[in-house]
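>>> Here's a sequence, model it:
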Amino acid sequence: MTLVVLAHPYPDRSCANRALLGALDGLADLQVRSLYDLYPDFAIDAEAERHALAAASLVVWQHPLFWYSVPALLKLWFEKVLTPGWAWGPGGDALRGKRCLWVVTTGGDELDYSPSGIHRHPVDAFAPGVRQTAEFCGMVWQEPLIVQAARQLDADALAASGRRYRARLEALAAAGQVPEA
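As a prediction, the model looks like this:
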């Protein structure tokens, strides 16, 4: 099962994240957990989240890049859900071997995320904390899917990003299937 953990504070206002999720409609064995819809008061049900994670073989962390990191609720989700003895440390092997895909949208374009741009670094420079979180929990990091200049993309470009996202999830799901004996 593929679990998409969506962390966008305004999921209904994000054309890019809405297009990405829309491209996944009808995808078999998929569960989407929109954190800001589920927990507008930030009172995360850690047990429910762990239950969803336990059933997944592929975990997707999808969000906009906020201040070079994850949105606040996803950071809190990491703290409340990925606890010692469950996700890491002695006895903490619940996520070991599960694949993790980081799907991130940015407001800036590739030039903005370059040495000469306003952010002075490529988007990849902001991945280490997210990647280390996954790897610390024993997850297998996948090459991220990055959608840059998300607010400036037209409908065709957003649809193409959605198709690319769906194709990645389909390929990862197919690669993770164990043939029957």
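>>> ok, residue 86 - contacts?
Shown in contact with residue 86 (C-beta atoms under 8 Å, 6 or more residues apart in numbering): 50, 92, 94. All C-beta spots, glycine's among them, are computed from the backbone N, C-alpha and C.
>>> any idea how far the last one is from residue 40?
Which is residue 94. According to C-beta to C-beta, to the nearest Å, residue 94 stands 27 Å off from residue 40.
>>> Compare neighbour counts for those two and give me the winner.
Using other C-beta atoms under 10 Å as the criterion, residue 94 and residue 40 rank with residue 94 on top: 17 against 10.
>>> Need phi/psi at that one.
Main-chain torsions, residue 94, degrees, to the nearest 10: phi -60, psi -30.
>>> just to revisit the earlier point, with respect to residue 12, which of the contacts of residue 86 is nearest?
Of all the contacts of residue 86, residue 12 sits closest to residue 50, with 26.9 Å by C-beta to C-beta.
>>> For burial, what's the neighbour tally of residue 99?
The burial count for residue 99: 19, using other C-beta under 10 Å.
>>> Same check on residue 51?
Neighbours of residue 51 using other C-beta under 10 Å come to 10.
>>> quick one, strands of the protein?
For the chain, the strands defined by DSSP state E occupy 2-6, 30-34, 58-64, 99-105, 140-141, 145-147.
>>> Against which helices or strands is the last one packed?
Contact analysis of strand 145-147 by 3 or more C-beta pairs under 8 Å, 6 or more residues apart in numbering; DSSP states H and E lists strand 99-105, helix 155-176 as its packing neighbours.
>>> Quickly run through the sheet partners of that strand, with directions.
strand 99-105 (parallel) (DSSP bridges).
>>> Give me the buried positions along the partner strand.
Residues of strand 99-105 classed as buried by neighbour count (16 or more other C-beta atoms under 10 Å): 99-105.
>>> go on, stretch 123-139?
123, 126-127, 130-131, 133-134, 137-139.
>>> Closest to residue 148 out of those?
When the buried residues of stretch 123-139 are compared for distance to residue 148 (C-beta to C-beta), residue 123 wins out at 6.8 Å.
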